[in-house]
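Chemist: generate coordinates for the sequence data below:
(one chain, ligands or ions: 1)
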Amino acid sequence: MTSTSLKHTTVLLDEAVDALLGGAGPEPAGTWVDGTFGRGGHSRLILLRLGPGGRLVAFDKDPEAIAEATRITDARFSIRHEGFRHLADLPAGSAAGVLMDLGVSSPQIDSPGRGFSFRFDGPLDMRMDTTRGESVADWLATAEVGQIAEVIRDYGEERFAGPIAKAIVARREERGPLATTAELADLVAGAVKTREPGQNPATRTFQALRIFINAELEELQQALEASLSVLQPGGRLVVISFHSLEDRIVKQFIAKHSKEVFDRRAPFAKPQAMKLVALDRIKPSAAEVEANPRARSAIMRVAERTATV
Ligand SMILES: C[S@@+](CC[C@H](N)C(=O)[O-])C[C@H]1O[C@@H](n2cnc3c(N)ncnc32)[C@H](O)[C@@H]1O
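Modeler: As a prediction, this is how the structure comes out:
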């Protein structure tokens, strides 16, 4: 099955678009950003709600998402085949709102050829952007054991990161590098001693390698920083995350910029003004999780750009 024929059920569709456009009046104008086009669930609803003077700039790293986006003929819409950190290229203060729905889309996970899932056998790739960069197989073929263990521990919070890394390197030396998802999943199953109930032993390792190979957390941090300069006063930042490492970054970023910053070397100087107001933290309803189990770990955070003085 090709991933172009697979569907993505958008998570928190109405909630995210309501939060994004919430501060604007009817028929919003201005430039809006969807950092993660995917299959365009959020983008299409945003376009439906924008007025004739509105425009939507979307980003995605995945060429298949870009192919889907080119089917949208609305002149108010444009798509960029780039990581969302490139929202920094938009003029300062030009965006009325920024949305990011992080992580992978269902077509990516459900397509064996993309190598994201231990549920199917396929090439060990996991790149969102298949037109550039190194695949997981390429990286595991030469990385040092310490680096592999660090990635699996830090991004997978995997207790058995050390034994898994050693098993990967031993296998590489004995029989050549890992090439497929099934080879990695089997090897991890052999190295993980105690299993978490209801979870495949390779879950944490696959998550870790995916986050690493796509530089997901670094790019998220860069995009959040960029949003501060790109958002106009009153503009909303809406971020949906799917695991605790992402959510922690978003939460800490909003908390950091939601208070005045005092310079301890200049105690009587005016403090640096806060740049964000935290507005909301929303989880999918029980009905949404029942209809779409992939929504179960989603957390959406909403903040508003202040007018800095
Ligand atoms: C959860 S899906 C988004 C689904 C979308 N909101 C929808 O309703 O169809 C995440 C998408 O973001 C893309 N993506 C993830 N990280 C990205 C990044 N740093 N820059 C650009 N796109 C990214 C992935 O390729 C994937 O297509």
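
Chemist: enumerate the residues of this structure near the ligand.
Modeler: 8, 10, 36, 38-42, 59-62, 65, 83-84, 101, 103-105, 128, 219 (C-beta under 6 Å from any ligand atom). The C-beta positions use only the backbone N, C-alpha and C, and glycine is treated the same way.

Chemist: for residue 142, what are its contacts?
Modeler: With contacts taken as C-beta atoms under 8 Å, 6 or more residues apart in numbering, residue 142 has no neighbouring residues.

Chemist: tell me where the stretch 101-250 of the chain has strands.
Modeler: 231-241 (DSSP state E, counting those that start in this stretch).

Chemist: can you show me the helices along it?
Modeler: Counting by DSSP state H, counting those that start in this stretch, residue ranges of the helices within the stretch 101-250 of the chain are 106-110, 136-142, 145-156, 161-175, 181-191, 203-213, 216-230, 244-257.

Chemist: what about this structure, any weak spots by pLDDT?
Modeler: Scanning the chain for pLDDT under 70 picks out the ranges 1-5, 309.

Chemist: which residue lies nearest the spatial centre of it?
Modeler: Taking C-alpha atoms, centre = their mean, the centroid of the chain lies closest to residue 102, which sits 2.5 Å from it.

Chemist: quick check: the gap between the residue of the chain positioned farthest from its centre and the ligand.
Modeler: In the chain, counting by C-alpha atoms, centre = their mean, residue 268 sits farthest out from the average C-alpha position, at 40.6 Å. When C-beta to the nearest ligand atom, to the nearest Å is applied, the distance between residue 268 and the ligand equals 42 Å.

Chemist: cool, residue 206 as well?
Modeler: Distance of residue 206 to the ligand, given as C-beta to the nearest ligand atom: 16 Å.

Chemist: tell me the domain ranges of the protein?
Modeler: Structural domains assigned to the chain are 3-106+216-305, 130-213, following automatic domain parsing.

Chemist: which helix or which strand is home to the closest residue in space to residue 243 that isn't next to it in sequence?
Modeler: The spatial neighbour of residue 243 that comes closest, neighbours along the chain excluded (C-beta to C-beta, 6 or more residues apart in numbering), is residue 297 at 6.3 Å. Under DSSP states H and E, no helix or strand contains residue 297.

Chemist: residue 297: neighbour count?
Modeler: Applying the criterion other C-beta atoms under 10 Å, we find 17 residues in the vicinity of residue 297.

Chemist: residue 173 now?
Modeler: Neighbouring residues of residue 173 were enumerated by other C-beta under 10 Å; the total is 9.

Chemist: that older thread, and the helices of the stretch 101-250 of the chain, which is most packed in?
Modeler: helix 203-213 (a mean of 23; mean count of other C-beta atoms under 10 Å).
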